[in-house]
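[1] Okay, predicted coordinates and the sequence, questions at the end:
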Number of protein chains: 2
Amino acid sequence: MYNKKEYLSTPRCEKMLNGIEDALYVLGGKWKLRIIVGLLDGDKRFNELQRTVNGISAKVLSDELKKLELNGFIRRQVYADTRPVVVEYGLTDYALTLKELLQLLSEWGEMHKERIKEQMRNSY
Amino acid sequence: MYNKKEYLSTPRCEKMLNGIEDALYVLGGKWKLRIIVGLLDGDKRFNELQRTVNGISAKVLSDELKKLELNGFIRRQVYADTRPVVVEYGLTDYALTLKELLQLLSEWGEMHKERIKEQMRNSY
């Protein structure tokens, strides 16, 4: 539909598909990116993080945190010298390799929301 | 965990969370981004597209295409003067606003896969 000269070559398109598959394999689903963003302003305890990531259940947050820890995005820090013991979750340096991408995704989301609002205004 | 001075402010973090929520609302799930990338090298018929987006069933592809059309990412073109009628799917200009993001996501995915391979090599 769009201008033919803008088309990517098929090999480049296939390469891009593979990269996206690899990225979504580890970051796909409803919550992982939100959890990572929810920690960008600082380490948090479980309950704090659950409040930040609106709508996630404790069970799902706990499962997702385990997966994110296993994949090297999140570090779980236990402060054993306090009573009760404090557990905090924080981002690893590796998680920060996602920062630019998250910024771009968020800006696109904002732009998209504005577009929807605009369309709704115009339909009255 | 990471250097304290790199933390975002909480309002900025919240804004980013909202943007990401809006983006994932329309693009989340396993297939939508892959379908869009699968059309970056040119318009395709249904069967062609299904072959390109590895692993998607006809039912799911059909559902996803309807949603993507409704949200303005894909245009369905019917060539009625042929026998049998040819239907092709192509990206709209709006879908192309995702190009930079898709490129970045794909590059991150490639980088991540290399990192995993590296870790596996080092664990022998």
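    Arrived safely, thanks for sending.

[2] what ranges of chain A fall below the confidence cut-off?
    For chain A, the stretches flagged by pLDDT under 70 are A:1-5.

[3] now the strands for chain A?
    A:74-79, A:86-91 (DSSP state E).

[4] tell me the angle of the first one relative to strand A:86-91?
    Following axes from the mean of the first three to the mean of the last three CA atoms, to 10 degrees, one obtains 150 degrees for the angle between strand A:74-79 and strand A:86-91.

[5] So which elements touch strand A:74-79?
    If you count contacts as 3 or more CB pairs under 8 Å, 6 or more residues apart in numbering or on different chains; DSSP states H and E, strand A:74-79 packs onto helix A:58-70, strand A:86-91. Placement of C-beta: from N, CA and C, glycine included.

[6] just so I know, which of these lies nearest chain B?
    Nearest to chain B among the helices and strands packed on strand A:74-79 is strand A:86-91 (3.4 Å), distances taken as CB to the nearest CB.

[7] ok, residues contacting the closest one?
    A:36, A:39-40, A:42-46, A:49, A:65, A:73-79, B:1-2 (CB atoms under 8 Å, 6 or more residues apart in numbering or on different chains).

[8] One more: stretch A:60-77?
    Contacts of stretch A:60-77 (CB under 8 Å, 6+ apart): A:26, A:29, A:31-32, A:35-36, A:39, A:43, A:46, A:49-50, A:53, A:56, A:87-92, A:94-95, A:98, B:1.

[9] Now the buried members of those.
    A:26, A:29, A:31-32, A:35-36, A:39, A:43, A:49-50, A:53, A:56, A:88-92, A:95, A:98, B:1 (16 or more other CB atoms under 10 Å in any protein chain shown).

[10] Take these and keep only those in helices.
    A:26, A:32, A:35-36, A:49-50 (DSSP state H).

[11] a markdown table for these, including distance to residue A:106?
    Converted to a markdown table, those look like this (distance: CB to CB, whole Å):
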| residue | distance to residue A:106 |
| --- | --- |
| A:26 | 19 |
| A:32 | 15 |
| A:35 | 14 |
| A:36 | 12 |
| A:49 | 18 |
| A:50 | 21 |
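
[12] so which of these are also by chain B?
    Under the cut-off given by CB under 8 Å from any CB of the partner chain, chain B has residue A:26 from these close to it.

[13] Residue A:100 is in contact with residue B:107, isn't it?
    No. In this structure, residue A:100 is not within contact of residue B:107 by CB atoms under 8 Å, at 10.2 Å.

[14] So those two - more neighbours on which side?
    residue B:107 (16 against 11; other CB atoms under 10 Å in any protein chain shown).

[15] List the contacts of the more buried one.
    Counted by CB under 8 Å, 6+ apart, residue B:107 has contacts residue A:19.
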